[in-house]
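>>> Pasting a predicted model and its sequence here:
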Amino acid sequence: MTRERVWKALEEIPDPEIPVVSLVDLGVIRDVAVDGERVHIELTPTFLGCPALEAMKRALEEKVSELGAEPSVAVIQDDSWSTDRITAAGREKLRAAGFAPPAPRAAGATTLVQLQSKAFRCPYCGSTDTRLENIFGPTPCRSIRWCESCRQPFEQFKTI
Amino acid sequence: MSERARRLLEIADDELILGWRDSEWTGIAPTLEEDVAFSSIAQNEIGHARALYELAAAELGSDPDALAFDRAPEEYRCAPFVELHLLDWAHTIARRYLYEEADRVRLDVLRKDDDAELAGLAAKIDREEVYHRMHAEMWAARLRDEPRFRAAVDELWPYALGMLEPALRPELARRTGLRVESTQAVERGEHTPELEELWNDMTEVRRSVPGATW
C-alpha cells in the first residue's frame, strides 16, 4: 500500500451532502499515513455541527477496506480546516452546481457589513448585484443570497 | 473529576441545553428566515457540545452520547440561564445576545489555554460562533429601543452573569454595558425545574430502549 494509492482512491469519495465535490476537493483530509497494512487518515470537520461528519468517516473507512487495508480515521477537532482549503477544482465544481464558493478567509473575522456588501457573485449569471437573505441556510456551512439581476436565490458558502 | 473535565462539561452542557431550547423555535418562529436561522444555530451548538463531550469522554473513559443523555438531571453542569423555557421572542433574542457575548468572553480565554487540544477546539468553535454573533447583534440592534426587549435583557442579566466564573464577569459587563456590582448572579450549581422537563423529553427515546444502536 502506498500513500499515493490511498489519495487516488479517496478522490472518488463524494461529499455526502454536495456529491459534485469529493472529500479531497473539500480539503477535509489533512493527512494520510501508511503503516504496513494500516492506513491512518486525519479528517477535519467543516462545521462542528455538520451532520455528515459520521458519514464521511464511514465512507473513508469503507474505501480503505476496499483497498485491502485496515483503516484508522481520526477526527481532528481544531482550527486547521478553513474554507481556504477547498481546492481550485472543488471551487469550480461548486460554482457549476449552483453553490457560490466561499470568499477567502480574511485576517479578522467576517462581519455582517461584509456579508451585506455587493462582493458576492451569483453562480448562475455572474452578477455581483446580490444581497444577503439569511446568514443561515440548509446546512451550517451555507448562507442564502438573492440575485437582483437574474432574480433567483442561491446558496453561498460561509467563509470560516 | 479533573478541573479540565469539569470545565468541558460545563460548556458542553450549556451548548447542548441551549441548542435544545433554540430548536424549540423550529416550525414556529415569527418568520420563515428565523425558522431556518434558529434551526441552524441549534444544530451547530449541539455540534459544539458533541465535540466538547468527545474531549471530556476521552478523559473520563465514557462516550459522548452517554455524557449527553445518560446522566441524571442533577449531574448536568449547565447554567440555569440556558435551561429557562422562553417561548417569547424578546426573551429569546435577549438570551441569544447575552449568551453569545458571555460565550465569546469564555472562548477568548480558552483559545489561549496551555492545553493544545482545548485551545484548538475553542478556536474552531469561536470561528463558527462568528455567525451566531452576527445574528444576535443584528437582532439586538433592531430591538434596542423596544421596552419589552430592554426589560428581557435586564431580567436575564443575572442569569447571564452566572454563566461565567467571577473573574470573567467584568469583561461581560464591559461588552454589554451592564453592571456586575449590585447584581446577584444566578449561579451554576442549582437547576431550575425547567431542566427536568427538558431532560424528560430529550432523553425519552434513549431511555425507552437502552443500548439501542442506529
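Now that the structure is in, tell me what you want to look at.

>>> Return the residues of chain A in contact with chain B.
Selection of chain A residues close to chain B by CB under 8 Å from any CB of the partner chain yields A:45, A:47-51, A:75, A:77-80, A:109-112, A:115, A:133-140, A:144, A:158, A:160. In this view, the C-beta of every residue, glycine as well, is placed from N, C-alpha and C.

>>> Quick check, pLDDT for residue 152.
Since you didn't name a chain, this refers to chain A. According to the prediction, residue A:152 has pLDDT 96.

>>> could you do chain B instead?
97.

>>> for the closest residue to it other than its chain neighbours, what are its contacts?
Spatial nearest neighbour of residue B:152, excluding adjacent residues (CB to CB, 6 or more residues apart in numbering or on different chains): residue B:94 at 3.8 Å. Contacts of residue B:94 were listed using CB atoms under 8 Å, 6 or more residues apart in numbering or on different chains, and they are B:149, B:152-153, B:155-156.

>>> Which members of these are positioned in helices?
Residues of the contacts of residue B:94 located in helices (DSSP state H): B:149, B:152-153, B:155-156.

>>> what's the helix or strand for residue A:9?
Of the helices and strands defined by DSSP states H and E, residue A:9 is found in helix A:3-10.

>>> Would you pull up how far the lowest-mean-pLDDT helix or strand in chain B lies from the middle of the chain?
When each helix and strand of chain B is scored by mean pLDDT, DSSP states H and E, helix B:204-208 comes last, with a mean of 94. Mean C-alpha position of helix B:204-208 versus that of the full chain (CA atoms, centre = their mean, to the nearest Å) differs by 23 Å.

>>> where does chain A dip in pLDDT?
The model of chain A has no residue with pLDDT under 70.

>>> Report the central residue of it.
If you average the C-alpha coordinates of chain A and look for the closest C-alpha using CA atoms, centre = their mean, you land on residue A:26, 3.8 Å from that point.

>>> Hmm, residue A:13 and that residue touching each other?
No: counting by CB atoms under 8 Å, residue A:26 stays clear of residue A:13, with 9.9 Å between them.

>>> Let me know the distance separating the residue lying farthest from the centre of chain A from chain B.
Distance to the chain centre peaks in chain A at residue A:36, reaching 30.1 Å (criterion: CA atoms, centre = their mean). Per CB to the nearest CB, to the nearest Å, residue A:36 is found 26 Å from chain B.

>>> before we move on, back to that, list buried members of the residues of chain A next to chain B by neighbour count.
Burial by neighbour count, judged by 16 or more other CB atoms under 10 Å in any protein chain shown, picks out A:45, A:47-50, A:75, A:77-79, A:109-110, A:112, A:115, A:133-137, A:139-140, A:144, A:158, A:160 from the residues of chain A next to chain B.

>>> Validate this expectation: residue B:175 resides in a strand.
No: with DSSP: H, G, I helix; E, B strand; the rest coil as the criterion, residue B:175 is located in helix rather than a strand.

>>> For the residue nearest to it when sequence neighbours are not counted, list the residues it contacts.
Excluding the flanking residues, the one nearest residue B:175 by CB to CB, 6+ apart is residue B:101, at 5.2 Å. The contact partners of residue B:101, taken as CB under 8 Å, 6+ apart, are B:136, B:160, B:172, B:175-176.

>>> filter the ones in helices among the contacts of residue B:94 to the buried ones?
If you count burial by 16+ other CB under 10 Å, the buried members of the ones in helices among the contacts of residue B:94 come out as B:149, B:152-153, B:156.

>>> closest to chain A among the residues you listed?
Taking CB to the nearest CB as the measure, chain A sits nearest to residue B:149 out of these, at 18.7 Å.

>>> what number of residues lie near the residue nearest to the closest one when sequence neighbours are not counted?
If the residues on either side of it in the chain are set aside, residue B:149 comes closest to residue B:143, at 3.8 Å by CB to CB, 6+ apart. Residues contacting residue B:143 under the criterion other CB atoms under 10 Å in any protein chain shown number 19.

>>> these two touch, right, residue A:105 and residue A:81?
No: the pair residue A:105 and residue A:81 fails to qualify as a contact (CB under 8 Å) at a distance of 10.8 Å.

>>> So for these two, which sits in the more crowded spot?
Between residue A:105 and residue A:81, counted using other CB under 10 Å, residue A:81 has the larger neighbour count: 23 against 15.

>>> Could I get the contacting residues of the more buried one?
With contacts defined as CB under 8 Å, 6+ apart, residue A:81 is in contact with A:27-28, A:30, A:44-46.

>>> And it, how close does it get to residue B:101?
In this structure, residue A:81 and residue B:101 are 26 Å apart, going by CB to CB, to the nearest Å.

>>> same question, residue B:189
Using CB to CB, we find residue B:189 at a distance of 22 Å from residue B:101.

>>> Excluding chain neighbours, what is closest to residue B:12?
residue B:52 (3.6 Å).

>>> is it true that that neighbour lies in a helix?
Yes: using three-state DSSP, the assignment for residue B:52 is a helix.

>>> pLDDT value on it, please?
We note a pLDDT of 97 for residue B:52 in this prediction.
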